[in-house]
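1. sequence and computational prediction follow.
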Amino acid sequence: MKKNLVKYLLVLFTIIIISTFQNCDDSITSSDIANLVMPDSNVSYSIHIAPVFEVMCVGCHNSQTSEGGVDLSSWANATRDPSVIFPGSDSTSILVWTIERLPPYPPMPPFERLKQNHIDGIRIWIREGAKNN
Ligand code: HEC
């Protein structure tokens, strides 16, 4: 009887430890941006833009792997090159062109087009000055 109780407690303890560690994992996943709706104005880098970049772009655009010389892992890196993101002018920003372009040019991300609302939000954020807000 006692042995079973010890086993039971061990299993319970293990489950608690595992679930605690799972809760600690705060990395952003695609489910986090599935319901993300960008507003028509006052688009925020930290609330709206960074999660989309994180899930959809940073795998190929970070400080180690910066495909096309583009690093989107932080606001400072993303806004470093004004030809990629030109604060105040979405239509002259290469980034906007790449997320909207159609085959035969590879769109960004290459395998899954961003939602139109997210494309619009990125445009508005750039038009509003691409601020670190
Ligand atoms: C699977 C890898 C991958 C993902 C994910 C990805 N890219 Fe790229 N990206 C590339 C490669 C490879 C290039 C260089 C070749 C090219 O320009 O097509 C590139 C180039 C670029 C360029 C430079 C284009 C130019 O002509 O100078 C921009 C801007 C860009 N990506 C933005 C994005 C954005 C924004 C996202 C997310 C919405 C994204 N990428 C997601 C692989 C990726």
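-> Structure's in. What do you need?

2. for this structure, what lies in contact range of the ligand?
-> Contact residues, the chain versus the ligand (C-beta under 6 Å from any ligand atom): 56-57, 59-61, 67-68, 70, 84, 94-95, 98-99, 106, 108-110, 114. The C-beta positions use only the backbone N, C-alpha and C, and glycine is treated the same way.

3. and Arg123, how many neighbours does it have?
-> Here the count is done by other C-beta atoms under 10 Å, and Arg123 has 19 residues near it.

4. now do Asn62
-> Neighbourhood size, Asn62 [other C-beta under 10 Å]: 17.

5. pretty sure it contacts Ser73?
-> Yes: the pair Asn62 / Ser73 is scored as a contact, 4.4 Å apart, by C-beta atoms under 8 Å.

6. so where is the protein shaky, pLDDT-wise?
-> In the predicted model, the chain carries pLDDT under 70 at residues 1, 8, 11-26.

7. one more time with 80
-> Of all residues in the chain, those with pLDDT under 80 make up the ranges 1-28, 102-103.

8. does Asp71 touch Val84 like I think?
-> No: with contacts defined as C-beta under 8 Å, Asp71 does not count as touching Val84, sitting 9.4 Å away.

9. give me the common contacts of those two.
-> Ala78 (C-beta atoms under 8 Å, 6 or more residues apart in numbering).

10. which element follows whichever helix or strand Pro51 is part of toward the C-terminus?
-> Per DSSP states H and E, Pro51 falls inside helix 50-56. Using DSSP H and E, the helix or strand that directly follows helix 50-56 along the chain is helix 75-78.

11. name the residues of that next one that come out as buried.
-> The neighbour-count criterion (16 or more other C-beta atoms under 10 Å) identifies Trp75, Asn77, Ala78 as the buried residues of helix 75-78.
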